[in-house]
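Novice: got a structure for you, letters missing:
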C-alpha cells in the first residue's frame with residue numbers, strides 16, 4: 001500500500017508572539033485525497049501549539065503522548081519535549097512511528113524526531129514536511145525585510161510553499177500565542 005506523505009508546518013516567532021500554520025493537503029501516492037485536513041492543534045488551554053508531518057495515526061499518537069508529558073511535568077514545556085524525544089527513541093512501539101512534530105510555547109519552539117532529535121531553530125523560524133524548506137526561505141526573507149506579524153509571515157510562507165511544493169496546498173490552518 002502506498003503511504004500518505006507530504007505536508008508543510010511552519011512556526012514563526014516575532015515581537016513576543018508565535019504563530020504555527022499548516023496546510024490541509026493529504027496525498028496518497030500521486031493523488032490528493034483530502035484538501036482540508038487540520039494538522040495543527042493547541043494544547044494546555046492554548047498555551048502550547050503543535051503540528052505534525054508524516055503518518056496521521058502516528059502523529060496523533062505522538063500528540064497524545066506529548067500532552068501526557070505536559071501533564072506529567074505540570075506544563076514544563078522543555079522537560080516534556082526532551083522526555084518525549086527520549087521515549088520516542090527508546091520505546092519499542094514508539095520508535096516505529098513515522099512523523100515529525102513541531103511544538104511551540106510562548107518561550108521556545110522545537111522540532112522533535114523519533115531518532116531523539118530535539119532541535120531549537122534559529123531566527124525564530126522552524127518548519128517541517130516536504131514544503132518546510134520553501135516555507136523557511138520565504139519566512140526568513142519576510143522577517144529580514146518586512147515588519148509583518150508572526151501570523152502574517154506564517155501565512156505568506158505557507159502560500160509560497162504551496163506554490164512550489166506539490167504536496168502542500170493553500171488551505172491553511174493557523175494558531176497563535178500572544
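Specialist: Structure received. Because the structure is a prediction, the values reported are computed rather than measured.
Novice: Give me the distance between stretch 127-146 and the centre of its chain.
Specialist: Chain-centre distance of stretch 127-146: 13 Å, with C-alpha atoms, centre = their mean, to the nearest Å.
Novice: same question, stretch 81-92
Specialist: In terms of C-alpha atoms, centre = their mean, the centre of stretch 81-92 is found 18 Å from the chain centre.
Novice: Which positions in that stretch come out as buried?
Specialist: 81-85, 87-88 (16 or more other C-beta atoms under 10 Å). (Glycine included, C-beta is placed from N, CA and C.)
Novice: Next: stretch 36-49.
Specialist: Buried-residue list, stretch 36-49, by 16+ other C-beta under 10 Å: 37, 39-41, 43, 48-49.
Novice: can you tell me the average pLDDT over stretch 77-84?
Specialist: Stretch 77-84 shows a mean pLDDT of 96.
Novice: all helices of the protein, in order?
Specialist: Shown for the chain, the helices assigned by DSSP state H span residues 56-72, 77-90, 132-145, 150-164.
Novice: what residues does the longest one touch?
Specialist: Contacting residues not belonging to helix 56-72 are listed as 4, 26, 37, 39, 41, 43-44, 48, 50, 52-53, 76-77, 79-81, 83-84, 87-88, 94, 97-99, 101, 103, 112 [C-beta atoms under 8 Å, 6 or more residues apart in numbering].
Novice: list the contacts for the closest residue to residue 38 other than its chain neighbours?
Specialist: In this structure, residue 38 finds its nearest non-sequential neighbour in residue 173, 4.9 Å apart by C-beta to C-beta, 6 or more residues apart in numbering. By C-beta under 8 Å, 6+ apart, the residues touching residue 173 are 21-24, 38-40.
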